[in-house]
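Engineer: model the structure of this input:
(chains A and B)
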Amino acid sequence: MKLPRRFLCVITDEHRCPVELARMALDGGAAMLQLRRKQASGSELFAWAIRIQELCRQHDAIFVVNDRLDIAMAMHADGVHLGQDDIPAATARAMLGPDAIVGVSVSNVEEAGKALADGADYLGLGHIFPTVSKDKPNPPLGIPMIESVRKAVDLPIVAIGGIGADNACEVIGAGASGLAVISAVTSAPDPTAATRELVRRVWL
Amino acid sequence: MIVSSGREHLDAGGLVVKQAAALSESEPVLFQLREKGLEAAHLLELATRIKPLLDTSASRLMINERADIALLSGAYGIHLPENACPADSIRRTFPGLVAGQSAHSREAALDSMRSGVDYLIYGPVFATPLNERFGPPKGLEALGRICRSVRIPVFAVGGITPERSFACIEQGAWGVAAMAPFIDPGTLRKTITTFRSYLPS
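Structural biologist: Residues are numbered from 1 along each chain as shown, chains lettered A, B, ... in the order given. Reported below is the predicted structural model:
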């Protein structure tokens, strides 16, 4: 499985039905969906994951499961997205094989280098701007970090954290290949339209 | 069967490792690592660390919920909560792991058995403050009905003491599972011996 040269990744939030959100985001042109629902049970995650994976196949989009390698393996997801406190990326790569997509959340050049060595396919770099979607104790990284990681590590960067239509072009201009969003899509009155607008800016 | 405290993320002072060290010199048990507050990387680290301690006494390590971590840590198996990822898909994906599942009703117990799990934990049989969220205690009679309904081993859980273990076995339970009686690593070995004296060998 191969990542597109530029892409928008939509991540599920804690409120909306993940399958409904996926449908709307895919209709808007999102090329990647990430299922992330920290409070959900395994049975809920599994059921949602099966349906979102099917939708992603229909749309030729990539589906990754956040953190839960067990669920990704059990329902044959396209891949996983791992945080720094999740299963090590090298381990996930060994379990899933060379064709799976493995993404890793990083916040500096050192973690990015480690992710590359571990066999990651892309970096989730953030949070770039202040964000309301997650409780973040650390200050935002800012645009310059995208440039630093871009120069140091040869992996596609997916910028996350406070990304919206207003700053998308700036982020891509700094060297990110993709954008990952939660609230910019989930909180929009029309998630499909919001996705479409972000996808347009990714390619500008 | 011994279930870990679930407090490891709250700076429990390494209770799990102390329990595992005590178990390395005890009679063999199933030890279920159930630490929902731990992130996956830390859970994997902890499981990998205690596995050799349990091996010393032929005790077996069961990982709660996460089959990936069970596989990676070399654990004996996986214990699935009632609302976990479906047991049949877990069995297909991780065929090398023994799989148990919690059941709080007869329907759930039958579903689990049909999806191919190796054993059940049923309860709460007796009242404890910790398992109030699973509703009122089911009682010994309900335990007996479950044990007669399924063809796989059933462990009784909830308010289990050595004295009550015997009554559970009389109802057809294969064993008992508990957390609170085993929380003190200093008395762990002695507590297991006491439990053993009430259980068939």
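
Engineer: rest of the way, CA atoms for contacts and neighbours
Structural biologist: Noted.

Engineer: and the lowest-mean-pLDDT helix or strand in chain B, what does it pack against?
Structural biologist: Within chain B, confidence by mean pLDDT, DSSP states H and E is lowest for strand B:2-3 among all helices and strands, at a mean of 82. With contacts taken as 3 or more Cα pairs under 8 Å, 6 or more residues apart in numbering or on different chains; DSSP states H and E, strand B:2-3 sits against strand B:30-33.

Engineer: summarise which helices and strands the strand it packs on is packed against.
Structural biologist: Under the contact criterion of 3+ Cα pairs under 8 Å, 6+ apart, strand B:30-33 touches strand B:2-3, strand B:60-64.

Engineer: any idea which of those strands is most buried?
Structural biologist: strand B:60-64 (a mean of 26; mean count of other Cα atoms under 10 Å in any protein chain shown).

Engineer: do any residues in it lie close to chain A?
Structural biologist: No: legend: contact between strand B:60-64 and chain A by Cα under 8 Å from any Cα of the partner chain is lacking; minimum distance shown is 11.4 Å.

Engineer: before we move on, the earlier item: beyond the least confident helix or strand of chain B, next helix or strand please.
Structural biologist: Downstream of strand B:2-3, the first helix or strand assigned by DSSP states H and E is helix B:15-23.

Engineer: name the residues of that next one that are buried.
Structural biologist: For helix B:15-23, the neighbour count (16 or more other Cα atoms under 10 Å in any protein chain shown) marks B:Leu15, B:Val16, B:Val17, B:Lys18, B:Gln19, B:Ala20, B:Ala21, B:Ala22, B:Leu23 as buried.

Engineer: with stretch A:6-23 instead?
Structural biologist: A:6-13, A:18-19, A:21-23.

Engineer: B:Ala70 contacts B:Lys51, correct?
Structural biologist: No: with contact defined as Cα atoms under 8 Å, B:Ala70 does not count as touching B:Lys51 (10.3 Å).

Engineer: of these two, who's got more company?
Structural biologist: Under the criterion of other Cα atoms under 10 Å in any protein chain shown, the comparison of B:Ala70 against B:Lys51 puts B:Ala70 first, with 27 against 22.

Engineer: residues touching the helix or strand where B:Arg164 lies, excluding its own?
Structural biologist: Using DSSP H and E, the element containing B:Arg164 is helix B:162-170. Taking contacts as Cα atoms under 8 Å, 6 or more residues apart in numbering or on different chains, the residues outside helix B:162-170 that touch it are B:Leu140, B:Leu143, B:Gly144, B:Ala156, B:Gly175, B:Val176, B:Thr194, B:Phe195, B:Tyr198, B:Leu199.

Engineer: and the pLDDT for the last one?
Structural biologist: Right, the one you point to is B:Leu199. Listed pLDDT for B:Leu199 reads 90.

Engineer: so in chain A, which helix runs the longest?
Structural biologist: Using DSSP state H to define each element, chain A has its longest helix at helix A:42-58.

Engineer: show the subsequent helix or strand relative to that one.
Structural biologist: Past helix A:42-58, the next helix or strand by DSSP H and E is strand A:62-66.

Engineer: can you tell me if that following strand touches chain B.
Structural biologist: No: using Cα under 8 Å from any Cα, we find that strand A:62-66 stays clear of chain B, coming within 11.4 Å at best.

Engineer: contact partners for A:His50?
Structural biologist: Quick fix: residue A:50 reads Ile, not His. Per Cα under 8 Å, 6+ apart, neighbours of A:Ile50: A:Met75.

Engineer: each with direction, which strands does the next helix or strand after the helix holding B:Arg164 pair with?
Structural biologist: Per DSSP H and E, the first helix or strand lying C-terminal to helix B:162-170 is strand B:175-177. Partner strands and pairing direction for strand B:175-177 (DSSP bridges) are strand B:154-157 (parallel).

Engineer: flag the shaky bits of the chain, pLDDT-wise.
Structural biologist: Using chain A here. A:133-136 (pLDDT under 70).

Engineer: oops, chain B please
Structural biologist: B:10-13, B:130-134.

Engineer: same thing but 90
Structural biologist: Of all residues in chain B, those with pLDDT under 90 make up the ranges B:1-14, B:128-136, B:200-201.

Engineer: need the residues of chain A near chain B, please.
Structural biologist: So far as Cα under 8 Å from any Cα goes, chain A lies against chain B at A:41-46, A:67, A:69-71, A:73-75, A:85-88.

Engineer: not counting sequence-adjacent ones, nearest residue to residue 106?
Structural biologist: I went with chain A, as the question did not name one. A:Leu125 (5.1 Å; Cα to Cα, 6 or more residues apart in numbering or on different chains).

Engineer: my question was about chain B
Structural biologist: Nearest non-adjacent residue to B:Arg106, counting by Cα to Cα, 6+ apart: B:Ile146, 6.0 Å away.

Engineer: where's that neighbour, which helix or strand?
Structural biologist: helix B:139-149.
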